[in-house]
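Novice: Sharing a model that was predicted from the sequence below.
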Amino acid sequence: MSTKHNKIRMTHIGLMIITPIVVLLLFVLASPVTAARPDKVEIIFEPFIIRDTQDGLPCGSFDVQLDPLSQKVKLISFSSGVIIASGTLKVRLTNLSTGKSVDLNISGPIRLEPQPDGSLRQITLGPTLFAFDPGVAPGLPLLALFHGRSESEFDTEGNFHFLSVKGRVQDVCALLTGS
């Protein structure tokens, strides 16, 4: 796999902003342990609307439009199975009911580590945007910006479990309503 010309164009993203993309790519990019150099793939995000299809809107009464402003995100996959998403990702989030917007840096990085039991551990170390289903991360906003370290995992069935956060958490819905 070439390290300079591989690009993946991202359009509609599900419950979490970056994680499902990285998890899917873990399976696409998985290479034999014999690979000496890591593979690098550029991700290109397209504008999309953040919606929760199970329990209503993540911000209650309004959808949120995500528009990339500056992006230079690469996925680096290592022969050990570890994948790191790093680079620049700055976005504009817009409340589609009022038009109020906020610009955010959500560059991460994010590290995915395969576990011996077949689960996948995710560690974020910088500004990261999460959109949670109700009950997945009790006590946290459904649309949250983390500044610091968070840990979560995908179990062997592919179910997401939020484990911990250390650092500052911002309620993005509150930012978009002015409250």
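Specialist: Perfect, thanks for sending it.

Novice: confidence score at residue 41?
Specialist: If you check residue 41, the pLDDT there is 95.

Novice: My error: substitute residue 36 in the last question.
Specialist: Among the per-residue scores, residue 36 holds a pLDDT of 60.

Novice: Helix or strand: which one has residue 176?
Specialist: Secondary structure from DSSP states H and E places residue 176 in helix 172-177.

Novice: likewise residue 167?
Specialist: Using DSSP H and E, residue 167 sits in strand 160-171.

Novice: Go through that strand and flag the buried ones.
Specialist: By 16 or more other CB atoms under 10 Å, the buried positions in strand 160-171 come out as 160, 162, 165, 169-171. In this view, the C-beta of every residue, glycine as well, is placed from N, C-alpha and C.

Novice: strands paired with it, and their directions?
Specialist: strand 143-154 (antiparallel) (DSSP bridges).

Novice: Quickly note the distance from residue 175 to residue 45.
Specialist: Going from residue 175 to residue 45 by CB to CB, to the nearest Å gives 20 Å.

Novice: same thing with residue 108?
Specialist: 13 Å.

Novice: Now for these two: what residues contact both?
Specialist: Among the neighbours of residue 108, those also in contact with residue 45 (CB atoms under 8 Å, 6 or more residues apart in numbering) are residue 89.

Novice: So which of those two has more stuff around it?
Specialist: Using other CB atoms under 10 Å as the criterion, residue 108 and residue 45 rank with residue 108 on top: 23 against 20.

Novice: so where's this structure shaky on pLDDT?
Specialist: Applying pLDDT under 70 to the chain flags residues 1-36, 52-56, 179.

Novice: where along it do the strands fall?
Specialist: Using DSSP state E, the strands of the chain run over 7-10, 39-45, 48-50, 64-77, 83-95, 101-105, 110-114, 120-124, 128-131, 143-154, 160-171.

Novice: Could you list every helix and strand in contact with the second one?
Specialist: Counting contacts by 3 or more CB pairs under 8 Å, 6 or more residues apart in numbering; DSSP states H and E, strand 39-45 is packed against strand 7-10, helix 19-29, strand 64-77, strand 83-95.
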